[in-house]
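Undergrad: please work out how this folds:
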Amino acid sequence: MRVATLQHFACAGEGASSADRGDARPSEDRPAPAPRSAAGRAPGAGLRCIVVEDDPGVLGLMRQWLEELGIEVRALSSAADAQTLAAREEFHVIVTDVVMDGMDGIELMRSLRKNARRPKVIGITGVADGENLGRVMRTLGAEGFLLKPFGRDELVAALERALGRKLGAA
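TA: Residues are numbered from 1 along each chain as shown. Next up, the predicted model:
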């Protein structure tokens with residue numbers, strides 16, 4: 001069985017489906033049901049997450065991974081849209097790309113520090129100097145940081161650390 005990572009996905013090229021891009025999906029393209037605990041709940045049930053990524057393929061893949069855990073996901077391609085949504089609604093965690101056109105992940109984090117709800121934040125980037133960006137993100141209050149490419153397991157582990165909650169197999 002091949003484990004998908006962002007690197008594998010990026011190599012898939014132009015043939016990404018609407019599900020991979022995070023677009024509206026017909027029912028047959030929905031992610032597999034989340035594993036259930038003994039109580040019958042998906043491990044991520046009740047969690048709300050915003051994922052911000054300007055690459056549609058990567059955005060769709062992260063959305064799929066999180067929905068498979070039962071997490072409610074709002075997938076956005078703009079940090080400004082995420083800022084607006086986080087000001088209106090409550091989310092437990094925001095996973096954001098750092099380097100984007102327009103408002104970037106650093107600016108989003110600065111604005112979230114003023115949000116009374118203070119969601120947890122995990123930054124992601126593929127830039128060569130990711131370690132320095134990671135230090136900046138932690139200074140601004142990020143609970144986690146991932147360098148691209150990363151896989152589903154790394155994303156889940158970062159969320160588990162940030163939320164203090166097990167999300168893997170029930």
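
Undergrad: ok, now which ones touch the nearest residue to Met137 once chain neighbours are set aside?
TA: Excluding the flanking residues, the one nearest Met137 by Cβ to Cβ, 6 or more residues apart in numbering is Gly123, at 4.1 Å. To be clear about C-beta, it is placed using only N, CA and C from the backbone, and glycine gets the same treatment. By Cβ atoms under 8 Å, 6 or more residues apart in numbering, Gly123 lies in contact with 96-98, 105, 109, 133-134, 137, 142, 144-146.

Undergrad: gap between the helix or strand hosting Gly123 and the chain center?
TA: Using DSSP states H and E, Gly123 sits in strand 120-125. Relative to its parent chain, strand 120-125 has a centroid offset of 8 Å by Cα atoms, centre = their mean, to the nearest Å.

Undergrad: hang on, the earlier thing: is the residue nearest to Met137 in a bridge, and if so with what?
TA: Beta-bridge partners recorded for Gly123 (DSSP bridges): Thr96, Phe145.

Undergrad: could you measure from it over to Gly105?
TA: The gap separating Gly123 from Gly105 is 6 Å, by Cβ to Cβ, to the nearest Å.

Undergrad: shared neighbours, the two?
TA: With Cβ under 8 Å, 6+ apart, Gly123 and Gly105 have common neighbours 96-98, 137.

Undergrad: any stretches of the chain with poor pLDDT?
TA: Along the chain, segments meeting pLDDT under 70 span 1-40, 128, 130-132, 134, 169-170.
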